[in-house]
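Chemist: What follows is a predicted protein model with its sequence.
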Amino acid sequence: MGTEAGAMRRLLVLAAVGAIAAAAFLIPAPELAPEPLQGLVLEGPGLSSPEDASIWYCPWAQSDASRDSVFGVVSLAEATAAFTLPVAVPGQAADTASVSVTGRGAGTLALSEVAQRGDSPGFVEFDGGPAAVSVTVMGEGVLAADACVSSGPQVWHFPGGSTMPGEHLTLRIFNPFPEAAKVTVTGVSDIGVEALGELENLAVGARSWRDVEFESLLRQRQNLVITVTAVGGVVVPAMVLGNEADEDWWPGVGEATEWEFPVARVTDTDGYLVVHNPGLGSVEVTVDLFTTDGAIIEAFTATVAPEAPARFDLSAYPGDSLGARVTASGPVAAGVVAVGEGEVAVMPGAAGQASTWLLPGLRRLPLHAASIWLLNTSSEESISATVSPLGGGGLGGETVVVAPGAPRQVDVTAGGAEGFLVEASSPLTVAWSVRGPSGLAFALASPVAEPAEE
């Protein structure tokens, strides 16, 4: 009897377990928590933005006891700029903020108002546009500025690096996306191809970043070009070059057969222009320089091999400010570096011209001199350009004439402006500079694409 009762109990238990399992199978699985919409636009091979909005990625921003960063935003239509600043601690929520722009306007956001924890790369999403973003870093021993990026290549090049004594060179690899990424970092310098096997298939976690300091990896390189190749996922890298008194940051570039620099050198600085050939064969390179007195066509010519980036010393043509153009027989990458007493500025070239340019974050600051630089190389006739301050409460624009082959400098004198808009009668290139007690910075303006013809 006891044996039969035990068997019966076992059958009842098995039946109950089976019923529970069947019921659990019929219950629908809970929905996954939705991912936030910001920053999820991911289309290879590179970054892109939807037509009705724009997402800008800012890999270099810092705020601590000795320095702070200011995000500058510009939009040609009413828009809200939503900031997301990931935290490099797994599971910790990102810091967020927003800035509203009314009509054709501009605004700024100090990073210290949102987060003051050192490095804080992030991304900015607009619900209208066209729009653009920049980051300016100011503080003890630093004045750095450049435009954030909304699109980019799968392979990023950084010409203009150096690790000579007293200099530091840091690569920031920022992954703003919810998927992990892998990159391979390579380099060529004045001694040839560099051995960087430890930087092959480097992992970068989702919504995080990692830095590579080349002054310890590759010492005493005077002409160093770093390349970042995404082998899995998508990243947004940036580079910082500094000396004991100043530093500047700049975004990477792709490849093109022509690059323009509306400003390559300013008064009381020495400048040099670096051209990197990422191809398999040599390319022929021509550098034209543009001064206020006119153009110097074929100021430099060279055959550039893949393993040996060319460095052109602009002090061979003494004087004040100048612009430059690089023309090559094959795709190259190019950047410019200007060095003065307690100053260093780095800027990539513009790979294309446009009639409309946005200059977010450009302002008149106490004890600082800021200028807009316009370069006309595409027309044999003068170009008319209207330079309008934005975000200053009804400030009027200024119309200037940009002669062919001569960079035009427009000093920033409008108080209250938080950005600028340049509208020209023909395509040209635009950049801006800021100079003060803590250093010098060059920044490329952001072009506005021409509307597609129907």
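Modeler: Perfect, I can see it now.
Chemist: quick one, what contacts the closest residue to Asp64 other than its chain neighbours?
Modeler: For Asp64, ignoring the flanking residues on the chain, the nearest one in space by CB to CB, 6 or more residues apart in numbering is Gly118 at 5.1 Å. The C-beta positions use only the backbone N, C-alpha and C, and glycine is treated the same way. By CB atoms under 8 Å, 6 or more residues apart in numbering, the contact set of Gly118 is 62-64.
Chemist: go on, Leu375?
Modeler: 260-262, 290, 323, 402, 407-408, 428-430.
Chemist: Please apply the same query to Gly340.
Modeler: Residues counted as contacts of Gly340 (CB under 8 Å, 6+ apart) are 266, 268-270, 440.
Chemist: ok, which pair from these is furthest apart?
Modeler: For the contacts of Gly340, with distances taken as CB to CB, the pair at the greatest spread is Asp270 and Leu440 (11.9 Å).
Chemist: any shared contact partners between the two?
Modeler: With CB under 8 Å, 6+ apart, Asp270 and Leu440 have common neighbours 338, 340.
Chemist: which of those two has more neighbours?
Modeler: Leu440 (24 against 13; other CB atoms under 10 Å).
Chemist: any low-confidence regions in the protein?
Modeler: Across the chain, the ranges flagged by pLDDT under 70 are 1-53, 393-395, 451-454.
Chemist: quick one on the thing from earlier: any of the contacts of Leu375 buried? List them.
Modeler: Buried subset of those (neighbour count, 16 or more other CB atoms under 10 Å): 260-262, 290, 323, 402, 407-408, 428-430.
Chemist: Among those residues, which one lies nearest to Trp56?
Modeler: For those, the nearest to Trp56 is Val430 (17.6 Å; CB to CB).
Chemist: Test my guess that the closest one contacts Leu359.
Modeler: Yes - between Val430 and Leu359 a contact is recorded at 7.1 Å, counting by CB atoms under 8 Å.
Chemist: what is in contact with the two at once?
Modeler: Here Val430 and Leu359 have 372, 422, 445 as joint contacts, going by CB under 8 Å, 6+ apart.
Chemist: residue contacts, Gly107?
Modeler: Counting by CB under 8 Å, 6+ apart, Gly107 has contacts 72-73, 81, 99-101, 391, 418-419.
Chemist: Counting neighbours, which of the residues you listed comes out on top?
Modeler: That'd be Val73 among the contacts of Gly107, by other CB under 10 Å, with 31 neighbours.
Chemist: Just confirm it contacts Gly129, I think it does.
Modeler: No - Val73 is beyond contact range of Gly129, at 10.3 Å (criterion: CB under 8 Å).
Chemist: quick revisit: among the buried ones among the contacts of Leu375, find me the one that's closest to Ser384.
Modeler: Val402 (7.7 Å).
Chemist: The closest one bridge partners, please.
Modeler: Ile383 (DSSP bridges).
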